[in-house]
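J.: below is the structure, and that's it, no one-letter string:
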């Protein structure tokens with residue numbers, strides 16, 4: 001009845017003390033076995049391949065989903081004895097990460113993808129994540145809420161450099177550095193955010209003082225000509241400071257000011273300089289009002305300057321009559337080429353001798 005006999009009393013070698021060949025399940029832990037509970041049950045203190053229950057012993061023990069006896073991941077059973085899936089703590093093919101938990105906001109999402117801005121999941125290091133790359137909506141594309149200082153130029157901002165430093169390329173109120181923005185930048189002595197001169201800060205961002213290029217309150221042409229300009233004077237080309245055409249003709253005189261000055265003449269400015277006797281008939285002068293400047297002429301409606309009813313009846317009127325209109329005066333010769341027949345001369349309607357008329361129309365036939 002012996003299967004073997006090695007002649008010793010060692011029970012854990014290849015032949016037991018009962019002269020039986022050592023085998024898994026004989027209840028004796030041999031040198032090649034981890035354990036041997038004498039049965040073929042798995043999942044108790046010793047599996048039926050005489051190994052202590054553990055992941056990787058090729059036995060699916062309680063608590064294991066699988067056990068392929070190797071330490072390779074990504075095959076049919078991962079090395080933690082779980083079926084390959086997202087959330088088993090093993091990065092299987094197709095997964096970017098697997099942290100083995102169901103927390104969606106840590107470094108690895110529940111879909112086993114590395115958390116990133118724009119995946120629509122607000123991770124622990126993000127302020128927001130709306131799943132798009134659009135700026136200016138409820139969440140900017142760097143996963144920060146729209147605000148000054150988040151490095152994204154949102155609507156209403158001129159710039160955004162992501163810091164709270166003034167005087168660099170973008171102020172901490174997200175406006176471009178400039179005089180008048182209420183922030184004192186490099187090169188500015190002050191900045192009160194307005195364009196008013198004479199207050200605590202002038203509109204060129206300098207402290208009010210003589211020499212800053214702004215004529216501030218309290219400064220004048222006499223106290224600070226560099227800012228306010230020179231004081232007005234007669235001859236500066238501007239009619240101001242109480243100057244008049246009389247007091248300062250070089251600055252204020254003009255044709256029509258009723259003062260003949262500043263080089264004006266009766267010809268260049270008759271309204272100011274014309275007078276009767278200047279030998280220029282202008283400015284409303286007439287032969288009647290100023291005959292020395294406006295010599296009489298026949299036809300001017302005034303009978304003067306030697307004009308008579310004979311020389312200028314248009315101005316002086318018709319001379320008085322010398323005969324009775326229509327009266328016979330004498331016989332006369334109506335023909336220039338000799339008188340074969342005398343005519344008649346009558347007094348015309350003006351009382352003056354008329355032309356010599358042929359006697360025939362008067363009913364007297366020539367012989």
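T.: Looks like it arrived, so ask away. Values in this document were obtained by computation on a predicted structure and should not be read as measured data. Numbering: from 1, shown residues only.
J.: first to last residue in stretch 100-115, what's the distance?
T.: 15 Å (CA to CA, to the nearest Å).
J.: now that stretch: mean pLDDT?
T.: Mean pLDDT, computed over stretch 100-115, is 92.
J.: flag every buried residue along that stretch.
T.: 108, 109, 112, 115 (16 or more other CB atoms under 10 Å). The way it works is simple: take the backbone N, C-alpha and C, and place the C-beta from them, glycine included.
J.: give me the distance from it to the chain's centre.
T.: With CA atoms, centre = their mean, to the nearest Å as the basis, stretch 100-115 stands 47 Å off its chain's centre.
J.: what does it contact?
T.: The contact list for stretch 100-115 (CB atoms under 8 Å, 6 or more residues apart in numbering) reads 86-89, 91, 94-99, 119, 121-124.
J.: and residue 117, how far from residue 126?
T.: 6 Å (CB to CB, to the nearest Å).
J.: identify the contacts common to those two.
T.: Taking CB under 8 Å, 6+ apart as the contact rule, residue 117 and residue 126 both touch residue 143.
J.: so residue 314: helix, strand or coil?
T.: Put simply, residue 314 is helix when judged by DSSP: H, G, I helix; E, B strand; the rest coil.
J.: these two touch, right, residue 166 and residue 172?
T.: Yes: between residue 166 and residue 172 there is a contact under CB atoms under 8 Å: 5.4 Å.
J.: can you list residues touching both of the two?
T.: Counting by CB under 8 Å, 6+ apart, the residues touching both residue 166 and residue 172 are residue 183.
J.: before we move on, back to that, need the max-distance pair from the buried residues of stretch 100-115.
T.: Distance extremes for those: the farthest pair is 112 and 115 at 10.9 Å, using CB to CB.
J.: distance of the most centrally placed residue in the chain from residue 171?
T.: The centroid of the chain falls nearest to residue 158 when counting by CA atoms, centre = their mean (11.8 Å). Distance, residue 158 to residue 171, by CB to CB: 9 Å.
J.: hmm, back to that, tell me the one of the contacts of stretch 100-115 nearest residue 318?
T.: For the contacts of stretch 100-115, the residue nearest residue 318 by CB to CB is residue 122; the value is 119.6 Å.
J.: residue 287: neighbouring residues, count only.
T.: The number of residues packed near residue 287 is 19, by other CB atoms under 10 Å.
J.: wait, residue 58 touches residue 48, no?
T.: No: with contact defined as CB under 8 Å, residue 58 does not count as touching residue 48 (10.8 Å).
J.: give the contact list for residue 51.
T.: If a contact means CB under 8 Å, 6+ apart, then residue 51 has 33, 34, 35, 57, 58, 59 as its contacts.
J.: with residue 131 instead?
T.: Counted by CB under 8 Å, 6+ apart, residue 131 has contacts 118, 119, 120.
J.: tell me the contacts of the first one?
T.: So the one you mean is residue 118. Applying CB under 8 Å, 6+ apart, the residues near residue 118 are 129, 131, 132, 133, 141, 143.
J.: which SS state does it fall under?
T.: Per three-state DSSP, the local secondary structure of residue 118 is coil.
J.: now do it against residue 262, distance only.
T.: Relative to residue 262, residue 118 is positioned 80 Å away (CB to CB).
J.: about what we covered before: export the buried residues of stretch 100-115 to JSON lines and tack on secondary structure and distance to residue 354?
T.: Listed next are the buried residues of stretch 100-115 as JSON lines, based on DSSP: H, G, I helix; E, B strand; the rest coil; distance: CB to CB, whole Å:
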{"residue": "108", "secondary structure": "strand", "distance to residue 354": "140"}
{"residue": "109", "secondary structure": "coil", "distance to residue 354": "136"}
{"residue": "112", "secondary structure": "coil", "distance to residue 354": "141"}
{"residue": "115", "secondary structure": "coil", "distance to residue 354": "134"}
